[in-house]
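Participant: sequence first, predicted model second:
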Number of protein chains: 2
Amino acid sequence: MLIQTPDWVKHAVFYQIFPDRFAQSQLPRKRLLKNAAWQDWHEMPTLQGYKGGDLWGVTEQLDYLQNLGITAIYFTPIFQSASNHRYHTHDYYQVDPLLGGNSAFKELLDACHDRNIKVVLDGVFNHSSRGFFFFHDVLENGQHSPWVDWFKIYDWPLYPYDDNFPANYGCWAGIRALPEFNHDNPEVREYIMEIAEYWIKFGIDGWRLDVPFEVKTPGFWQEFRDRVKAINPEAYIVGEVWGDSRQWLDGTQFDGVMNYLFAGPTIAFAAGDRVVPKQVQGPSYEAYPPLSAPEYARKMQELLQLYPWEIQLTQLNLLASHDTARLMSIADGDRQSVELATLLLLTFPGAPSIYYGDEVGLAGGLDPDSRRGFPLEAHWERDILECHRQLIALRHRYPALRTGTYRVLYADADIYVFARILDKEEIIVAVNRGTTSVDVTVFTDDLKSQPSKVLYGDGVAQWHNAGESIRIELSLAARSGCVVGVG
Amino acid sequence: MLIQTPDWVKHAVFYQIFPDRFAQSQLPRKRLLKNAAWQDWHEMPTLQGYKGGDLWGVTEQLDYLQNLGITAIYFTPIFQSASNHRYHTHDYYQVDPLLGGNSAFKELLDACHDRNIKVVLDGVFNHSSRGFFFFHDVLENGQHSPWVDWFKIYDWPLYPYDDNFPANYGCWAGIRALPEFNHDNPEVREYIMEIAEYWIKFGIDGWRLDVPFEVKTPGFWQEFRDRVKAINPEAYIVGEVWGDSRQWLDGTQFDGVMNYLFAGPTIAFAAGDRVVPKQVQGPSYEAYPPLSAPEYARKMQELLQLYPWEIQLTQLNLLASHDTARLMSIADGDRQSVELATLLLLTFPGAPSIYYGDEVGLAGGLDPDSRRGFPLEAHWERDILECHRQLIALRHRYPALRTGTYRVLYADADIYVFARILDKEEIIVAVNRGTTSVDVTVFTDDLKSQPSKVLYGDGVAQWHNAGESIRIELSLAARSGCVVGVG
């Protein structure tokens, strides 16, 4: 089978937005709440309540995102939901009124497309919420509800709000607020397929799928892909699968997954022993214990062997998400860890995804702390923002960084060097995660060119062709990296 | 102030439909439920569960309604709701998926308008449901919800489903499933106004307002009227107010009310001592004890004095609704009671409203029994249907029956005679609710013409002009009525 994934994703730089926390509109807008008592934007996030970010606010920040080099936005859920993260879907056809509703989303979508920015939505199709109409009908009508078979009811009566009794219905992670769909019911399956189709027709550019591994119904995600791609063959489908995802990445289901198999080792290498273990416990990725360069090289090579290359190019690579702590906090405030990992992210095959705020050095521990309000400009880490800007620009400038092959050139102790190669374009990326500066000699005859211009970072690269051995000598400062090209 | 009410209502014959019970589509339709386990159509109605009537089914029955002479439909609620009566609104912008959703409603509305049939929807704006998004958010986020001020929260935590605790929030009639809006909140007020506007723009011809007397906010219904009429000056606004409604019928709020002040006395007169008291206990109308003709005359004259004539012509007159027992059951199966009352209904000023099934003699005690499935043709009471057909046709033929003045000519014991007069058109209506035939002489010089042609019923009318006294002699069979005109 010829595997096909969307071409635009291979060239995209994603920005992940948690809509309640990215931006609140500053312009007059038609709002349901005129004097809302929002939670303080800069106070610690809580499980309940809202800070009041909205989609109009995102539209107003598109200059910022475009200047950063962003070409695609992945939104955590935006549909009507009685939770600030909006994973408790109340209505799959309505954008949350706090976010501005369907009209604000249409305005945003059009504005994004005008700038050639793609928009991917988060589809939460394993479960809904206890306020979701069809489940609510089961609560109100009990066994007489015609929607009973849409869920997994074990026993009567149901206890949707009383923790003193078992929930008596299938719910995600045992959370009674999140009743699971019965995907084996063809009506449910059709219902979900039509939601997917509706929003693709509306104009979105893809779906990120929440916990898709929970859906065991044979053929479900194959049909999902077929129906989405029938409307827009270039729509992106990316699953939230944390580990080995081969069963979903056979070309018949997802174009990629959220690449935590990249995130974990990259943090474990770049941040190394700076990682605060409790900040990486919980999420199912291996950001701890620390990895040496050879161990990291092996992990990356294994990862790149795991799926077809066409899939690798449309993986959603990331260092953090709403489901993890931010690297700044994982690394206990160490800026170099963030910059090194960002270098590795922006030079890896597959689409990098920057979790909102990471580009300005926002800190945040595990959920809900990882969902802070976007900081005031006065609190931005300028160096980190500059690092992001440069690396994103570099990725856009050099196709090899996007679709070139990945070849490890050197890995020893704290030093990791690899090349991205596309036809005649060859780029070398070198990282010294150690605390002392080093001069390292890399013997290689894998390259046709001899890139020596430092495009990013402040290392020095020099080629030597004496005798039969071709080598490059790299000088790297402590805890730094560089990108080297032919210029 | 010049009071203006919609002209079309003065000439309309309404049909009240309880959507779950009137008709289920027989054609292939795009349904969410393909193999729904509906409750048996002909079994006794229950509080929970659905019989599966839908709006497509109504569309398919428009020939039937048009043949009956119906020119307007008043629907009990059709919006998404987890209750078969749909008074527990879950979403004011969505027609219930079981009914076919917004698209089925659009199809129905267009088909009705093609036949010059108006459509009035039931607006439940005092309260929503515990599954309604904004209240659900309060349940999920507690005091942190930004929607807290949209409701009347007395204390925390709330107990939406646990009868062992007080509900701790304002709810209609103490029913915790029905949280009341805080109409004093300008945001809530605006929210409701926009719903009203949305559906008027969508094309509906008016709003029937559920328990509007519960809304105490000054100016609320005035603004409601202003905003609805600004979009469609001919939109009909009719309130559910059971008693003296003067405070709402001043021309600045409703065009009329559900005329239970007509229903009660008319049943008490027509059915008299056949009324089964327990079938009229509960609803706030006086269908018991029996009324003599003079008492009935006085009640009708008082009623006609109560409001401006312009309002009288757009009252929604009725004998039964989803909130009462059906007259067939109130009168313990006595068909003549139904026919006599129907005669009085169809000849009274204001728009008559026939509760679905009443026209074929459907029985039904108090709620939920009054909400039975529409009967199979084999079970129709043909005489009652014919009575309805004839009287509706007569009303359509004679403008005096619609907008003519109402003058009581005679009221004694069991005999009630009145005239409807419009310019030169004079119609006499006579009712003998007694159990023996009578010859009655009515002296009157109120009429310019001497109508003597029996247009309905099988009485005999003969005028005598001897001497100074002009009189009409009417022969009326036991428990019968007739309509007399000039032909």
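Facilitator: Perfect, thanks for sending it.
Participant: and the gap between the residue lying closest to A:Thr324 once chain neighbours are set aside and A:Met258?
Facilitator: Closest residue to A:Thr324 apart from its sequence neighbours, by C-beta to C-beta, 6 or more residues apart in numbering or on different chains: A:Pro283 at 4.7 Å. All C-beta spots, glycine's among them, are computed from the backbone N, C-alpha and C. Per C-beta to C-beta, to the nearest Å, A:Pro283 is found 11 Å from A:Met258.
Participant: intersection of neighbour lists for those two?
Facilitator: A:Trp242 (C-beta atoms under 8 Å, 6 or more residues apart in numbering or on different chains).
Participant: higher neighbour count, the two?
Facilitator: A:Met258 (25 against 20; other C-beta atoms under 10 Å in any protein chain shown).
Participant: what about the more buried one, distance to chain B?
Facilitator: 26 Å (C-beta to the nearest C-beta, to the nearest Å).
Participant: can you list contacts of whichever strand or helix holds that residue?
Facilitator: Under the criterion of DSSP states H and E, A:Met258 resides in strand A:256-259. Residues from elsewhere that reach strand A:256-259, judged by C-beta under 8 Å, 6+ apart: A:5, A:9, A:208, A:236, A:238-242, A:245, A:248-249, A:303, A:311, A:314-318, A:321, A:350-351, A:353.
Participant: and if we set it to 6 Å?
Facilitator: With contacts defined as C-beta atoms under 6 Å, 6 or more residues apart in numbering or on different chains, strand A:256-259 is touched by A:238-241, A:245, A:314-317.
Participant: now for these: which two are most distant?
Facilitator: For the contacts of strand A:256-259, with distances taken as C-beta to C-beta, the pair at the greatest spread is A:Glu240 and A:Thr314 (15.0 Å).
Participant: more neighbours: which of the two?
Facilitator: A:Thr314 (28 against 23).
Participant: tell me the SS of that one?
Facilitator: coil (DSSP: H, G, I helix; E, B strand; the rest coil).
Participant: with A:Val417 instead?
Facilitator: What three-state DSSP gives for A:Val417 is strand.
Participant: quick check on the nearest residue to it once chain neighbours are set aside: phi, psi?
Facilitator: Once flanking residues are discounted, A:Val417 sits nearest to A:Tyr410: 3.9 Å by C-beta to C-beta, 6+ apart. The phi/psi pair for A:Tyr410 (degrees, to the nearest 10) reads phi -160, psi 140.
Participant: count of neighbours near A:Tyr410?
Facilitator: For A:Tyr410, the neighbour count with other C-beta under 10 Å is 21.
Participant: and the stretch 1-150 of chain A, which residues reach chain B?
Facilitator: Selection of the stretch 1-150 of chain A residues close to chain B by C-beta under 6 Å from any C-beta of the partner chain yields A:33-34, A:36, A:48-50, A:80, A:82, A:90, A:131, A:133, A:136-137, A:140-141, A:144, A:146.
Participant: helices along the stretch 51-200 of chain A, start to end?
Facilitator: A:55-60, A:62-68, A:101-114, A:133-141, A:186-202 (DSSP state H, counting those that start in this stretch).
Participant: average pLDDT across the fourth one?
Facilitator: Helix A:133-141 shows a mean pLDDT of 98.
Participant: next one: stretch A:21-30
Facilitator: Computed over stretch A:21-30, the average pLDDT equals 96.
Participant: send the alpha carbons of it over as CSV?
Facilitator: This file holds the C-alpha atoms of stretch A:21-30, laid out as CSV (Å, rounded to 0.1, in the frame of the first residue of the first chain):
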residue,chain,number,x,y,z
ARG,A,21,-5.3,30.6,28.5
PHE,A,22,-3.7,32.0,25.3
ALA,A,23,-5.4,35.3,24.7
GLN,A,24,-8.5,37.3,25.6
SER,A,25,-9.9,39.6,23.0
GLN,A,26,-9.2,43.3,23.6
LEU,A,27,-11.7,44.5,21.1
PRO,A,28,-15.4,45.1,21.6
ARG,A,29,-17.2,41.8,20.8
LYS,A,30,-20.6,40.4,21.1
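Participant: which residues does that stretch contact?
Facilitator: Under C-beta under 6 Å, 6+ apart, the answer for stretch A:21-30 is A:51-54, A:56-58, A:61, A:356, A:371, A:373-374.
Participant: will you turn those into a markdown table that also has pLDDT and neighbour count?
Facilitator: Below are the contacts of stretch A:21-30 laid out as a markdown table (pLDDT from 0 to 100; neighbours: other C-beta atoms under 10 Å in any protein chain shown):
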| residue | pLDDT | neighbour count |
| --- | --- | --- |
| A:Lys51 | 98 | 22 |
| A:Gly52 | 97 | 23 |
| A:Gly53 | 98 | 25 |
| A:Asp54 | 98 | 27 |
| A:Trp56 | 98 | 24 |
| A:Gly57 | 98 | 23 |
| A:Val58 | 98 | 31 |
| A:Gln61 | 98 | 19 |
| A:Tyr356 | 98 | 27 |
| A:Arg371 | 98 | 22 |
| A:Gly373 | 98 | 24 |
| A:Phe374 | 98 | 24 |
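Participant: out of those residues, which one sits closest to chain B?
Facilitator: For the contacts of stretch A:21-30, the minimum distance to chain B (C-beta to the nearest C-beta) is 7.6 Å, reached by A:Gly52.
Participant: which non-adjacent residue is nearest the closest one?
Facilitator: That would be A:Trp38: by C-beta to C-beta, 6+ apart, it lies 3.7 Å from A:Gly52.
Participant: separation between the one you found and A:Ala466?
Facilitator: 67 Å.
Participant: the two: which has the busier surroundings?
Facilitator: Neighbours per residue (other C-beta under 10 Å) separate A:Trp38 from A:Ala466, with A:Trp38 holding more: 17 against 7.
Participant: mind checking the SS state of that one?
Facilitator: coil.
Participant: can you count the residues close to A:Leu401?
Facilitator: 24.
Participant: what pLDDT, on average, does the helix or strand it falls within get?
Facilitator: Assigned by DSSP H and E, A:Leu401 falls within helix A:399-403. Helix A:399-403 carries an average pLDDT of 98.
Participant: go on, stretch A:166-175?
Facilitator: Here the average pLDDT along stretch A:166-175 is 94.
Participant: what's the end-to-end length of that stretch?
Facilitator: Distance across stretch A:166-175, first residue to last, is 11 Å (C-alpha to C-alpha, to the nearest Å).
Participant: tell me if it is near chain B.
Facilitator: No - Stretch A:166-175 lies apart from chain B when judged by C-beta under 6 Å from any C-beta; the minimum separation is 11.8 Å.
Participant: and the contacts of that stretch?
Facilitator: Residues contacting stretch A:166-175 (C-beta under 6 Å, 6+ apart): A:126-127, A:151-155, A:158, A:176, A:178-180.
Participant: any idea how far it is from the middle of the chain?
Facilitator: Here stretch A:166-175 shows a centroid-to-chain-centroid distance of 27 Å under the convention C-alpha atoms, centre = their mean, to the nearest Å.
Participant: buried stuff in that stretch?
Facilitator: For stretch A:166-175, a neighbour-count test (16 or more other C-beta atoms under 10 Å in any protein chain shown) marks A:167-172 as buried.
Participant: tell me which two of those sit farthest apart.
Facilitator: Farthest apart among the buried residues of stretch A:166-175 - using C-beta to C-beta - are A:Asn168 and A:Trp172, which lie 14.8 Å from each other.
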